[in-house]
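> Pasted the sequence and its predicted model underneath.
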Amino acid sequence: MTNEQLIKQAKTAMLNAYVPYSHFQVGAALLTESGKVYTGCNIENASYGATICAERTAIAKAISEGEKSFLKLAVVSSSEDLTYPCGICRQVIAEFMPEGTIVFEGKDKIVELSLAQLLPYRFEL
């Protein structure tokens, strides 16, 4: 699957974002080793700690369906800038996708990073 195809699925997922507080939509699309794609959007809550990011939504959906091997994650947002995962999402990505790549789309550009570039000093047991 191309980066553009994965980004397109992330953009579709972004439209489902529940963001009544920030109005900042994020979408994610996760490509598994089996070839399936799981999508996610951010879901806000008045108690901000209960908010879940698009990246973790996609990962949780995939894991709940029995997938545990991920190749690539695309992340897009309603901003024209590249939108990078928060610290919690970076650590969750590290847990389940240590060798994968993360693809971002901003205005007129696509950037692909390895997890090592995104989180060079991740927590490991």
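Arrived safely.
> The spatially most central residue of the chain and Pro98: what is the separation?
The chain has Glu55 as the residue nearest its centroid, 3.0 Å off, counting by Cα atoms, centre = their mean. Relative to Pro98, Glu55 is positioned 15 Å away (criterion: Cβ to Cβ, to the nearest Å). Yep, even glycine has a C-beta here, placed from its N, CA and C like the rest.
> do Thr83 as well
22 Å.
> Between those two, which is the more surrounded one?
Thr83 (20 against 14; other Cβ atoms under 10 Å).
> does the more buried one sit in a helix or strand, and which one?
Following DSSP states H and E, there is no helix or strand that holds Thr83.
> Give me the mean pLDDT for the strand or helix carrying the residue nearest to the centre of the chain.
Per DSSP H and E, Glu55 falls inside helix 54-64. In this model, helix 54-64 has a mean pLDDT of 98.
> now do stretch 26-43
Per-residue scores along stretch 26-43 average to 98.
> List the buried residues in it.
26-32, 37-43 (16 or more other Cβ atoms under 10 Å).
> Could you dump these into TSV with secondary structure added?
Output for these, formatted as TSV (DSSP: H, G, I helix; E, B strand; the rest coil):
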residue	secondary structure
Val26	strand
Gly27	strand
Ala28	strand
Ala29	strand
Leu30	strand
Leu31	strand
Thr32	strand
Val37	strand
Tyr38	strand
Thr39	strand
Gly40	strand
Cys41	strand
Asn42	coil
Ile43	strand
